[in-house]
Each structure stands twice: as C-alpha cells, then as structure tokens.
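**Q** Need the 3D shape of this:
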Amino acid sequence: MKKLINEPSDVVDEMLDGMVAAHPDEVRRLPDSNVLVRNDAPVDGKVAVVSGGGSGHEPTHAGYLGPGMLDGAAAGEVFTSPTADEVNEMIQACDAGKGVLNVVKNYEGDVMNFETAAELAEMESDVEVAEVVVNDDVAVEDSLYTSGRRGVCGTIFVHKVAGAMADRGEDLDEVQRVAQKVIDNVATMGTALTSCVTPEKGEPTFDLGEEEIELGIGIHGEPGVERTEMMPADEITERLTERVLDDLNPESGAEVATIVNGMGGTPLMELYIVNRKLQSLLDERDLTTWDAWVGDYMTSLDMQGCSVTVLVLDDELKELLSHPADTPALKVR
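**A** Modelled structure (predicted):
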C-alpha cells in the first residue's frame, strides 16, 4: 500500500513538525515531546482545556488548538495513547493558575494515562485538574479498547463548548459542567466502507470484502454491530441516524447541531450526499438543524466511510457553539 511517508517509525514526529511549520503563529511543540500547545500558552486568566490521544485521527487533536478551543494536545503513536509523562508535561505547560480540564475519549489507555498524569501534575505542581470522559458512540456498549461506549466525533463539540466557556473566563467547575452537558446530549455512529492502513503494518487493519461494509465501526477499526452488503447512501444514513436518534430520544421541535464526519478517505461529495439524507430524516422527526458541519473532523487514517453525530441543543450550548474560535482546523467568526 503506497503512502506519503519516510520511515514508518517517524510518521508522528514528522507530522508534528509539519504542523508547526504550517502554523508557526498558532502552535508550538514542547521540546523533546509529542505535545503541541497554542503559541501563547499558558493563557493568563483562563482555565486550560487540553486533550489528546493516538495519532491517525487528524485534524484531531492538535488541529483544534487555539483561542476558543484547546490549549494543548498530546499525540500518541498511531492509534496509541500518549504517555502519562507527556500528558503531565502538557497539563503543566498549559496551566495558568486557573486549573485544567482534561477532555478524554473513552479508551482504556487514554483514561488511565490522563488520570495518572492528573495525579502527577497535582502532586508536582499543585495544578487543579478536572476531567470529562466522552462516550458518544452508540454502536457498542463495550469494545476491544473500552469499558463502556467509545469516544468518537462528538468529542469535537465538547472541545468547542468547553473551549468557549474557558475563553469567556469562567471557572473550572463551569467549564467541566458544560463539557459534561455536551456529553450527556450527543450521540454518534459510524460506518466503514474500507479498512484503514496503518503505516507500520502497511496493509488493511481488517478484512472487508469488495461488496461489504461495517456498521458501527470504531475509529481504530474496531468491530461494529453488523457486517452487511453495500447499500445506497440514503439507506446507510438512515441506519446510522435512526440509531443515534433512538439513543438521544429528542423531543419534537428540538434544535440540534450535526456533524457528518469523513473517516479520512471519503470524498466531500459523498459526505454532502449523506448530509442531504440526514437533514431530511431530522425534518421528518420535527427536529430543527441549527448548525450542520460536513467534513473531516475525526478521521481514521485513510478509511473510507463516515459517521453521523447529533447534539441536542439549548440556548447555552448554541451560544457557546457560536463563540469565536480560531484554530487550524476550525474557525468560527
């Protein structure tokens, strides 16, 4: 499988250097680490919001560094949690004395290393650290890497809302509260048309026939809920959306924000086709789309496929989603 890489063992290191080279006024790399922080970190007078996880999901996480979103992002190797020591270094580099919120996707390695890092930071530097764990994937209750539901693309809404609340100067308890509000009101389900190919392996992570798709796939290629024959885009979208809405059970007339997220190898044309059907299904349920995002927000290397995310809104969440953000991957004016 052909890839634009040099040595497989160097991909994360070279990617991070490339990100800094592309956005030198926005992000910087902590010395001898796989941690990127916003250029002006730590930012006086505000709670720091940090996240991280395995590489291969770009633009997640470092693409969301900047005013209105994240202060720090720790990158593990491909599909591998960052180490506790690097997360600790990130927490301390971003803390401005107002505390730090860790936004963690629900994968066992991430949860363990972020919790260990929080303990280290509190012990070494008396940093106040709070945490939220995102578990928006409705496909499976437990998986290869998780106890409970997986954290996937709904995490981007958590970054946006928590980052906005921190940017407004609210305290750590308030930043954690709104982050948890998003988690309690967001759901996601995805599908894979092909496997992804990791740089080290150089071949598909799992076998999927030419006419097969996997419904409910995870962002690392973890098994979904059903392997089935290829279906038209409208039918796939309906299967994903109905599962998401059944989980959320929004009231008739509710306002929602949506993400149709590409997995890294899906043309934008196809994502817009999915969004067309998604919006029709929401209208049939008497749900009003307040905002719709379409694009690559949390990928799985070169996997072809998509996920559908729905967030049920209230006035507070709409205000925070509207708050300005200026990051390499997402700008809100």
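**Q** Verify the contact between Ser220 and Gly54 for me.
**A** That one is not Ser; residue 220 is His. Yes - at 7.4 Å, His220 counts as touching Gly54 under the criterion of C-beta atoms under 8 Å. All C-beta atoms are positioned from the backbone trio N, CA, C, and that covers glycine.
**Q** what sits in contact with each of these two?
**A** Contact with both His220 and Gly54 is made by residues Phe79, according to C-beta atoms under 8 Å, 6 or more residues apart in numbering.
**Q** Surely Gly148 touches Val140?
**A** No - contact between Gly148 and Val140 fails when scored by C-beta under 8 Å: they sit 9.7 Å apart.
**Q** can you give me the end-to-end distance of stretch 78-98?
**A** Stretch 78-98 has an end-to-end distance of 32 Å (C-alpha to C-alpha, to the nearest Å).
**Q** What mean pLDDT does it get?
**A** When pLDDT is averaged along stretch 78-98, the result is 98.
**Q** got it, and stretch 10-30?
**A** What stretch 10-30 shows for mean pLDDT is 98.
**Q** Tell me which of Gly148 and Val140 has more neighbours.
**A** Using other C-beta atoms under 10 Å, the more surrounded residue of Gly148 and Val140 is Val140, with 19 against 15.
**Q** can you pull the contacts of Val27?
**A** Residues near Val27 by C-beta under 8 Å, 6+ apart: Met19, Val20, Leu36, Val37, Arg38, Asn39, Ala62, Leu65, Gly66, Pro328.
**Q** for Ile5, that is, sorry about that
**A** Ile5 sits in contact with Val11, Glu14, Pro199, where contact means C-beta under 8 Å, 6+ apart.
**Q** Could you grab the helix/strand/coil label for it?
**A** Under DSSP: H, G, I helix; E, B strand; the rest coil, the three-state class of Ile5 is coil.
**Q** In JSON lines: the contacts of Ile5, plus neighbour count, secondary structure and distance to Gly295.
**A** Formatted as JSON lines, those follow (neighbours: other C-beta atoms under 10 Å; DSSP: H, G, I helix; E, B strand; the rest coil; distance: C-beta to C-beta, whole Å):
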{"residue": "Val11", "neighbour count": "20", "secondary structure": "helix", "distance to Gly295": "23"}
{"residue": "Glu14", "neighbour count": "12", "secondary structure": "helix", "distance to Gly295": "24"}
{"residue": "Pro199", "neighbour count": "20", "secondary structure": "coil", "distance to Gly295": "23"}
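**Q** Switch those residues over to CSV; also include distance to Val103.
**A** Putting the contacts of Ile5 into CSV (distance: C-beta to C-beta, whole Å) gives the following:
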residue, distance to Val103
Val11, 24
Glu14, 26
Pro199, 26
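**Q** which one of these is nearest Ala96?
**A** Using C-beta to C-beta, Glu14 is the member of the contacts of Ile5 that lies nearest Ala96, at 30.5 Å.
**Q** Find the nearest non-adjacent residue to the closest one, please.
**A** Distance criterion C-beta to C-beta, 6 or more residues apart in numbering; nearest residue to Glu14, sequence neighbours excluded, is Asn6 at 6.7 Å.
**Q** Would you mind giving the domain segments of the chain?
**A** Annotated domains of the chain cover 8-185, 186-322 [automatic domain parsing].
**Q** Mean neighbour count, the ones you listed: which tops it?
**A** Neighbour counts (mean count of other C-beta atoms under 10 Å) averaged over each of the domains of the chain peak at domain 8-185, with a mean of 21.
**Q** Could you pull out the helices in the stretch 101-250 of the chain for me?
**A** 108-125, 154-167, 172-184, 233-248 (DSSP state H, counting those that start in this stretch).
**Q** for the ones you listed, which one sits closest to Arg28?
**A** Nearest to Arg28 among those is helix 154-167; the distance by C-beta to C-beta comes to 18.0 Å.
**Q** Report the inter-axis angle for that closest one versus helix 233-248.
**A** Taking axes from the mean of the first three to the mean of the last three C-alpha atoms, to 10 degrees, one finds helix 154-167 and helix 233-248 inclined to each other by 60 degrees.
**Q** Helix 154-167 - what's its average pLDDT?
**A** In this model, helix 154-167 has an average pLDDT of 98.
**Q** Please compute how far that helix lies from its chain's middle.
**A** 11 Å (C-alpha atoms, centre = their mean, to the nearest Å).
**Q** Can I get it as PDB, trimmed to CA atoms?
**A** Output in PDB follows, covering the C-alpha atoms of helix 154-167 (Å, rounded to 0.1, in the frame of the first residue of the first chain):
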ATOM      1  CA  GLY A 154     -18.900  14.100  19.400                       C
ATOM      2  CA  THR A 155     -15.600  15.000  21.200                       C
ATOM      3  CA  ILE A 156     -15.200  17.900  18.800                       C
ATOM      4  CA  PHE A 157     -18.400  19.500  20.100                       C
ATOM      5  CA  VAL A 158     -17.000  19.000  23.600                       C
ATOM      6  CA  HIS A 159     -13.800  20.800  22.600                       C
ATOM      7  CA  LYS A 160     -15.800  23.700  21.100                       C
ATOM      8  CA  VAL A 161     -18.100  24.200  24.000                       C
ATOM      9  CA  ALA A 162     -15.600  23.800  26.800                       C
ATOM     10  CA  GLY A 163     -13.100  25.900  25.000                       C
ATOM     11  CA  ALA A 164     -15.700  28.700  24.600                       C
ATOM     12  CA  MET A 165     -16.600  28.600  28.200                       C
ATOM     13  CA  ALA A 166     -12.900  28.800  29.200                       C
ATOM     14  CA  ASP A 167     -12.400  31.600  26.800                       C
END
